[in-house]
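# everything below, folded, please.
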Amino acid sequence: MKNVRPYASRLFAAILGASAAIPAVASAENSATVGSLTFVNKGLVGVGRIPANQRDKFGETFGSGSGMAIDPAAWSRDGASYKGTLYLLPDRGYNVAGTVDYRPRLNTISIGLTPTAPGAAPKAGKEQSGVDAKLTDSMLFLDDKGGDMTGLDPESGVRPAAGNFPPLPQAVNGKIALDNEAIVRMADGTMFVSDEYGPYIYRFSADGHLLSATQPPKALLPMRKGALSFASNNPGPGAAAPDPKDPETGRQNNQGLEGMAMTPDGKFIISVLQSAARQDGGDSSSTRQNTRAMIYDAADPDHLKLVHEYVVPLPVFKDAKDKTTIAAESEIVALSDKTFLMLSRDSGNGQGVKGDTSLYRKINVVDLSAATDIAGSDFDAGKPIAPKGVVDPSLTPATLTPFIDLNDKADLARFGLHNGAPNDKNNLSEKWEAMGLASVLDPNLPDDYFLFVANDNDFLTQDGFQVGAAYKAEGGADVDTMFQVFQVTLPGLKK
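Numbers count the residues shown, from 1 in each chain. Predicted coordinates:
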C-alpha cells in the first residue's frame with residue numbers, strides 16, 4: 001500500500017444524519033488553549049470493564065491495553081448509543097519474575113457505548129456499565145518468515161540486517177523479540193506497531209505478518225560497550241542479565257517508543273520515547289525529563305522517513321515526600337503534525353500494586369510549533385539534548401498545556417471510582433497506557449469526540465494461564481481491564 005492518507009482523515013470525519021445531540025447538562029468544563037485553538041474536556045461520560053481472568057482464543061490470559069486503535073468504518077450511532085470495534089495491544093505477557101515466551105498478539109474488542117450526559121450522574125447501579133466491551137478475536141504477530149515472535153528479553157541477541165530489514169532484537173530461542181506498546185491501524189488492516197526493545201516501528205500485514213521495520217536515529221539505539229544491545233534487563237528463565245545492566249547511550253531499559261499515532265490528515269506518524277535517552281539525562285530518574293518526539297513522513301509505509309524531531313519535556317510533580325518527580329509518557333493521540341495529546345503518569349500506585357494513591361495521571365496538549373527541529377542534526381548522532389537533564393541552550397523544547405486529569409475526584413466519584421484508599425477494584429489501577437478517538441457523530445457538535453482511555457493491567461489475576469502454565473498474581477490482585485471515556489471538543493482536526 002503506497003497511500004495511507006485517506007483512512008486517517010476518515011477517523012475524524014463526522015457522519016451526517018446522526019440523531020440529536022446528547023442532552024446538555026451544566027458541568028464544570030476544563031479547557032486548554034493552544035495557539036488559536038481551545039480544546040475542551042466535558043468530563044467522563046462512560047466506564048466499563050473486561051474481567052481480569054478473561055482468556056483469549058488461544059486459551060491464555062487476556063492482556064489489557066498498552067495500545068489502542070478504533071476502527072472509524074465500524075463506528076456508528078443509534079439514538080443515544082454507539083457501537084464499534086476497537087483493537088487492544090497487550091505488551092510482552094505476565095513477567096513479574098522475568099520475561100516469558102509469550103507470543104505477541106492483537107485483540108479485537110466489540111465495543112458498545114451508552115454515554116452519560118456530561119456532568120450528569122449515571123443511574124444507580126449502572127455506574128460502570130456505560131461501556132460494554134467484549135473480546136471477540138485475537139491474532140498473533142508473526143515474523144517476516146511466518147514464524148512466531150516472542151516477548152522474551154532479547155538479552156544480547158541481534159538478528160543481523162538482511163534485505164530491507166535493519167538489525168532486529170532476537171531472543172535466545174531465535175525468535176524476534178517484540179514488546180509492543182502502541183498501534184496505528186490502517187483501512188486495509190495493515191498496522192504500524194511501536195516497540196520498547198528496538199525502539200522500532202514495525203509494519204504488519206492485515207493477517208499479522210511482519211512487512212518492514214523502521215530504525216530510530218542512532219542516538220536512540222541502545223548501545224553497550226560500543227555495540228548494539230537490545231536487552232532490557234528482564235532476562236527470561238535461566239538467562240543472564242546484560243553487562244552492563246543499562247545501555248550506555250540510547251533508550252533506557254523499558255523506556256522505548258511507548259507512544260505513537262498518525263496525524264488526522266494521514267501524512268505523518270508521530271512516535272515518542274517514554275522518557276529521556278541515557279545521554280539526554282535518562283541515566284537518572286531525577287533527570288530523565290527531556291524525551292524526544294519523532295515525526296515520520298508515511299507516504300511510503302514500508303520506508304518511513306524521519307522529517308522532524310523535537311525535544312518534549314515530561315511533566316514534573318511532587319511525590320509524597322515533596323520530592324520533584326518526573327511522569328513518564330504512556331501514550332499519545334495526534335491532533336496535527338504540531339500538536340498531540342500526551343498521557344503521562346506516575347508509577348507504583350493503584351489497584352494491584354503497593355501504593356494506593358496516584359499523584360499524577362494527566363493528559364496534556366503538546367505543542368511543537370515553536371520547538372527546535374533537531375532531525376538529522378548532531379543530536380541524532382549522539383550529542384546530548386539535555387546532559388544531566390539540562391536542555392542544551394541552543395534548543396527550544398515543546399510546550400505542555402494541562403487538559404484532562406484522570407485522578408479528578410468528582411469525575412471518578414460519579415462512576416463509583418476513586419483514586420486512593422481503599423485499594424480495591426474501584427481504585428484506578430496503576431498503568432493507563434492506551435487512547436483512541438471516535439466521533440460523537442452529531443452535526444450539532446462537529447468537533448466533539450469520545451476519547452477512550454484504557455489501562456494495562458499487567459495480566460494481574462488469580463486465575464491466570466500463559467505459556468503453558470497457570471499462575472496467580474502476587475498480592476492477591478485481580479485487576480480488570482477498564483475503559484474510561486471522556487467527551488472532548490477538538491477543533492481543527494478535519495482541516
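
# mind listing the helices for the stretch 251-400 of the chain?
378-381 (DSSP state H, counting those that start in this stretch).

# just the strands in it please.
Applying DSSP state E, counting those that start in this stretch to the stretch 251-400 of the chain gives strands spanning 257-262, 268-273, 290-297, 305-313, 316-318, 324-326, 328-334, 339-345, 361-367, 399-405.

# which elements pack onto the first one?
The one in question is strand 257-262. strand 180-185, strand 191-195, strand 268-273, strand 328-334, strand 339-345 (3 or more CB pairs under 8 Å, 6 or more residues apart in numbering; DSSP states H and E). The way it works is simple: take the backbone N, C-alpha and C, and place the C-beta from them, glycine included.

# distance to F230 and mean pLDDT added to those strands, as TSV?
Below are these laid out as TSV (distance: least, CB to CB, whole Å; pLDDT from 0 to 100):
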stretch	distance to F230	mean pLDDT
strand 180-185	14	98
strand 191-195	10	98
strand 268-273	15	98
strand 328-334	20	98
strand 339-345	25	98
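
# longest strand of the chain?
Counting residues, the longest strand found in the chain (DSSP state E) is strand 37-50.

# CA atoms of it as PDB?
C-alpha atoms of strand 37-50 as PDB (Å, rounded to 0.1, in the frame of the first residue of the first chain):
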ATOM      1  CA  LEU A  37      -7.500  26.600  19.300                       C
ATOM      2  CA  THR A  38      -9.300  25.800  22.500                       C
ATOM      3  CA  PHE A  39      -9.700  22.200  23.400                       C
ATOM      4  CA  VAL A  40     -12.500  21.300  25.900                       C
ATOM      5  CA  ASN A  41     -12.800  18.400  28.300                       C
ATOM      6  CA  LYS A  42     -16.500  17.900  29.100                       C
ATOM      7  CA  GLY A  43     -15.700  15.100  31.500                       C
ATOM      8  CA  LEU A  44     -16.100  11.400  32.000                       C
ATOM      9  CA  VAL A  45     -19.200  10.000  30.200                       C
ATOM     10  CA  GLY A  46     -18.700   6.200  30.400                       C
ATOM     11  CA  VAL A  47     -16.900   3.400  32.200                       C
ATOM     12  CA  GLY A  48     -16.700  -0.300  31.500                       C
ATOM     13  CA  ARG A  49     -14.600  -3.400  32.300                       C
ATOM     14  CA  ILE A  50     -13.400  -6.700  31.000                       C
END
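
# distance of the residue positioned nearest the centre of the chain relative to V479?
Centroid check for the chain by CA atoms, centre = their mean gives E331 as the closest residue, at 3.3 Å. As defined by CB to CB, to the nearest Å, E331 lies at a distance of 18 Å from V479.

# how about E60?
On the measure of CB to CB, E60 and V479 end up 16 Å apart.

# distance between the ends of stretch 352-361?
16 Å (CA to CA, to the nearest Å).

# and it, which residues are buried?
G352, V353, D356, T357, S358, L359, Y360, R361 (16 or more other CB atoms under 10 Å).

# show me what contacts the residue nearest to the second one when sequence neighbours are not counted?
Closest residue to V353 apart from its sequence neighbours, by CB to CB, 6 or more residues apart in numbering: E430 at 4.9 Å. Applying CB atoms under 8 Å, 6 or more residues apart in numbering, we find E430 in contact with R345, S347, G348, N349, G350, Q351, G352, V353, S358, N455, D458.

# state the distance from the third one to K472.
Think G348. 21 Å.

# these two - which one has more neighbours?
K472 (13 against 10; other CB atoms under 10 Å).

# right, and that one touches F465 too?
No - counting by CB atoms under 8 Å, K472 stays clear of F465, with 10.5 Å between them.

# quick one on the thing from earlier: the residue nearest to V353 and F379, how far apart?
Applying CB to CB to E430 and F379 gives a distance of 33 Å.

# one more: P422?
On the measure of CB to CB, P422 and F379 end up 47 Å apart.

# between those two, which one's more packed in?
F379 (24 against 10).

# how confident is the prediction for that one, by pLDDT?
Note on F379: pLDDT of 98.

# nearest residue to it in space, please, no chain neighbours.
Per CB to CB, 6+ apart, closest to F379 is I385, 5.2 Å.

# so the one you found is in contact with L395, correct?
Yes - I385 is within contact range of L395, at 6.2 Å (criterion: CB under 8 Å).

# of the two, which one has the most company?
Per other CB under 10 Å, whichever of I385 and L395 has more neighbours is I385, with 27 against 17.

# ok, now which ones touch the more buried one?
I385 touches D280, N290, R292, V311, I374, F379, V391, D392, L395, counting by CB under 8 Å, 6+ apart.

# return the residues in contact with the residue lying closest to the fourth one once chain neighbours are set aside.
This points to V311. With CB to CB, 6+ apart as the criterion, V311 has its nearest non-adjacent residue at 4.2 Å, and that residue is P397. By CB under 8 Å, 6+ apart, the residues touching P397 are N290, Y310, V311, V312, P313, A371, T372, V391.

# ok, the fourth one to I385 distance?
Counting by CB to CB, the gap from V312 to I385 is 10 Å.

# and if you look at the first one?
Spatial separation of N290 from I385 under the definition CB to CB is 6 Å.

# pull the number of nearby residues for G174.
10.

# which of the helices or strands spans it?
Following DSSP states H and E, one finds G174 outside all helices and strands.

# now it: how far from V353?
In terms of CB to CB, G174 sits 34 Å off from V353.

# ok so, going back, what angle sits between the longest strand of the chain and strand 361-367?
Strand 37-50 runs at 150 degrees relative to strand 361-367, counting by axes from the mean of the first three to the mean of the last three CA atoms, to 10 degrees.

# coming back round to it: can you list the helices and strands packed on strand 257-262 in JSON lines and add distance to P301?
Listed next are the helices and strands packed on strand 257-262 as JSON lines, based on distance: least, CB to CB, whole Å:
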{"stretch": "strand 180-185", "distance to P301": "10"}
{"stretch": "strand 191-195", "distance to P301": "8"}
{"stretch": "strand 268-273", "distance to P301": "9"}
{"stretch": "strand 328-334", "distance to P301": "16"}
{"stretch": "strand 339-345", "distance to P301": "20"}
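
# so what's V158 closest to, chain neighbours aside?
Nearest to V158 is P167, by CB to CB, 6+ apart, at 5.0 Å.

# hmm, the one you found is touching A161, no?
Yes - when contacts are counted by CB under 8 Å, P167 is listed as touching A161 (4.9 Å).

# so what's the residue count around the closest residue to L273 other than its chain neighbours?
Distance criterion CB to CB, 6+ apart; nearest residue to L273, sequence neighbours excluded, is T291 at 4.7 Å. The number of residues packed near T291 is 31, by other CB under 10 Å.

# shared neighbours of I385 and L395, which are they?
Joint contacts of I385 and L395 (CB under 8 Å, 6+ apart) are V311, I374, F379.

# so the second one touches T396, yeah?
No - look at I374 against T396 with CB under 8 Å: they stay out of range, at 10.4 Å.

# hey, what's in contact with both of the two?
V311.

# so the two - more neighbours on which side?
I374 (22 against 13).

# which residue, other than its chain neighbours, is closest to that one?
Closest to I374 by CB to CB, 6+ apart is E309, at 5.0 Å.

# dig out what the one you found forms beta bridges with.
M294 (DSSP bridges).

# appreciated, that's everything.
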